[in-house]
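1. Take a look and give me a structure for this.
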Amino acid sequence: MLLTASAVGAAAGPDPVAVGAAVRSLEADHDRAVAAVYVLRAGGQRAARQIRDAWPALSPLAQKRALGALEGLAKKHDAAIEALVEAARSDDNEVRDRALGILSQTTPRGAAGLVRLLSDPIVGDRAATLLARTEPDSAIEPLLDSIAHPAGEDRRGLRSALGIAAQHSEQGATRRLREWLSGEPPAAAVASAALGLASLDAYRDVITSFIEYAVTEALDFAAKWRLLQSAGAAGPSAEVDQWVRAQLDGPAEWMLRESAVDAITARGHLEDARGALDDPYPRVRARAATALSGDPDTLVRRATIARRDTWPMVRAEAVTSLRTEGQALPVIVASVDDSMSVVRAAAIEVLTASSHDEGWERVHRRLRARNEWPAVTAAAIGYVVAHCRTDAVDALLRVVMRAAPSNALTDDLNNAARAIEALRALDSPDAKAAVEQLGNAGGVPPTLKMALEQPPPEDGGCSGSGR
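-> Presented below is the predicted three-dimensional model:
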């Protein structure tokens, strides 16, 4: 049946014959389908219901066309919202995305549809985010309920959406959060919700209450880890402090002990983290070294770890932790010659940030070493620029020429570009001559030629630093 303008006009009211014909015409050619959409837009509740009922049988093309009618119908009719919910579960990306967009823009009615989608394993997290952003006040309770459902505590999208909703809520999110807690939800869900709120300073007291509630019942790894990730953001609480301290050496899982180091130091109890420097697991020792940076009572211990720990990652973190402690400078300088590149690079980076060019002789050797690891060479180039070492020109030229062979590695090319930038920043007569020499030399890769042709540094480099 061809839908004419007269048929469209007749459909101004909910004519069941015209509406039914319009739904069927969604499968027709373009012109008839466009006319059908106009009929359906004016078809009110009857049109919304017929689209909903016919939705499973519609082809993807017809569904996309139907969305044009549902966009307007959703503002007044629940059946249109129900159809959009089904559309949001579509395997067709375009249908799914458009349906979610319409629901999020149809406020406040569309929020009900987004709530229905929270449990969906595919689009539930997206629906949660849209709900939190468009209707934050009405999103709190359904998000909490979804987190409390089986496996809901493991859904990062729900936690994130809860934080967004709480941040933008203007109608007593704190009250609603506490009311939910008073209903005695599962401890795992409370731990997950606490993590979702952890970035919001305004909810420190709520986070404290959530953690105090959950610590006695949170027995599995995931719940404990989430509570530890949240504890640093919680307010003052002897109960929370006591529980976090127990996680420093109690759990068998090293990740819990590592998180406990972060939590206890974030809570202002640096002294409790000192024992973690002797933890049997290297990542925990490394984290403790970082957390205790600047702590005078562990200076000697961290300096010893920097030179003697059997794990390079621990030595590197210990070296970095000494960056503000002048007494440890000899240890940092000695670490430039550590047997492992990650430690050497860390030591050079610490010296780069120093106000004095200590350790230059060792750094210079590393810069000249043909077989040095790229990360160490990159750190040494950074040192040259930071301390305006004009006596590094020859070494920088060597770094550039390592990239000349046609089979040069990407790391060598990257360091060559850094070396050229360093020569330009030094801006000494020798450095200028080196740049000119490279510009005239054959065999320099085109990408490096481009680096040579760049304008001088805007800050004047070392010539403008007063050094």
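
2. quick one: low-confidence parts of the stretch 51-200 of the chain?
-> Counting by pLDDT under 70, the stretch 51-200 of the chain contains no low-confidence residues.

3. Where do the helices of it begin and end?
-> For the stretch 51-200 of the chain, the helices defined by DSSP state H, counting those that start in this stretch occupy 60-73, 78-88, 93-105, 109-117, 124-134, 136-148, 156-168, 173-182, 187-197.

4. The ones you listed into a markdown table, with extra columns for mean neighbour count and distance to residue 208?
-> Bear in mind the C-beta positions are built from the backbone N, C-alpha and C, glycine included. Formatted as a markdown table, these follow (neighbours: other C-beta atoms under 10 Å; distance: least, C-beta to C-beta, whole Å):
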| stretch | mean neighbour count | distance to residue 208 |
| --- | --- | --- |
| helix 60-73 | 21 | 45 |
| helix 78-88 | 24 | 37 |
| helix 93-105 | 19 | 33 |
| helix 109-117 | 23 | 29 |
| helix 124-134 | 22 | 23 |
| helix 136-148 | 22 | 17 |
| helix 156-168 | 22 | 15 |
| helix 173-182 | 17 | 11 |
| helix 187-197 | 27 | 9 |
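
5. can those helices go into a markdown table with extra columns for distance to residue 213?
-> A markdown table is the format used below for these (distance: least, C-beta to C-beta, whole Å):
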| stretch | distance to residue 213 |
| --- | --- |
| helix 60-73 | 43 |
| helix 78-88 | 34 |
| helix 93-105 | 33 |
| helix 109-117 | 25 |
| helix 124-134 | 23 |
| helix 136-148 | 13 |
| helix 156-168 | 16 |
| helix 173-182 | 6 |
| helix 187-197 | 6 |
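
6. So which of those helices is nearest residue 319?
-> Residue 319 lies closest to helix 187-197 among these, at 32.0 Å (C-beta to C-beta).

7. and that closest one, what other elements does it pack with?
-> Applying 3 or more C-beta pairs under 8 Å, 6 or more residues apart in numbering; DSSP states H and E, one finds that helix 187-197 contacts helix 136-148, helix 156-168, helix 173-182, helix 204-214, helix 221-231.

8. got a markdown table for those, with distance to residue 76 too?
-> Below are the helices and strands packed on helix 187-197 laid out as a markdown table (distance: least, C-beta to C-beta, whole Å):
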| stretch | distance to residue 76 |
| --- | --- |
| helix 136-148 | 19 |
| helix 156-168 | 26 |
| helix 173-182 | 29 |
| helix 204-214 | 37 |
| helix 221-231 | 42 |
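
9. Quick one, which of the ones you listed gets closest to residue 392.
-> Across the helices and strands packed on helix 187-197, residue 392 has its closest neighbour in helix 221-231 (43.9 Å, C-beta to C-beta).

10. Which segments of the chain make up each domain?
-> In terms of domains, the chain is parsed into 1-117, 119-233, 391-467 (source: automatic domain parsing).

11. Quick check: the gap between the nearest residue to residue 108 once chain neighbours are set aside and residue 180.
-> Leaving aside its sequence neighbours, residue 108 sits nearest to residue 135 (C-beta to C-beta, 6 or more residues apart in numbering; 5.9 Å). Residue 135 sits 17 Å away from residue 180, going by C-beta to C-beta, to the nearest Å.

12. go on, residue 170?
-> Shown here: residue 170 relative to residue 180, a distance of 18 Å by C-beta to C-beta.

13. Same question for residue 434.
-> 67 Å.

14. for residue 378, same thing?
-> 51 Å.

15. How about residue 397?
-> Taking C-beta to C-beta, one finds residue 397 at 66 Å from residue 180.

16. Residue 115 too?
-> Taken as C-beta to C-beta, the span from residue 115 to residue 180 is 15 Å.

17. secondary structure element for the residue lying closest to residue 248 once chain neighbours are set aside?
-> Spatial nearest neighbour of residue 248, chain neighbours left out: residue 260 (4.7 Å); criterion: C-beta to C-beta, 6+ apart. Element membership of residue 260 [criterion: DSSP states H and E] is helix 254-266.

18. and that helix, which residues are buried?
-> Using 16 or more other C-beta atoms under 10 Å as the test for burial, helix 254-266 gives 256, 257, 258, 259, 260, 261, 262, 263, 264, 265.

19. Which of those sits closest to residue 247?
-> Closest to residue 247, out of all of these and judged by C-beta to C-beta, is residue 260, at 3.8 Å.
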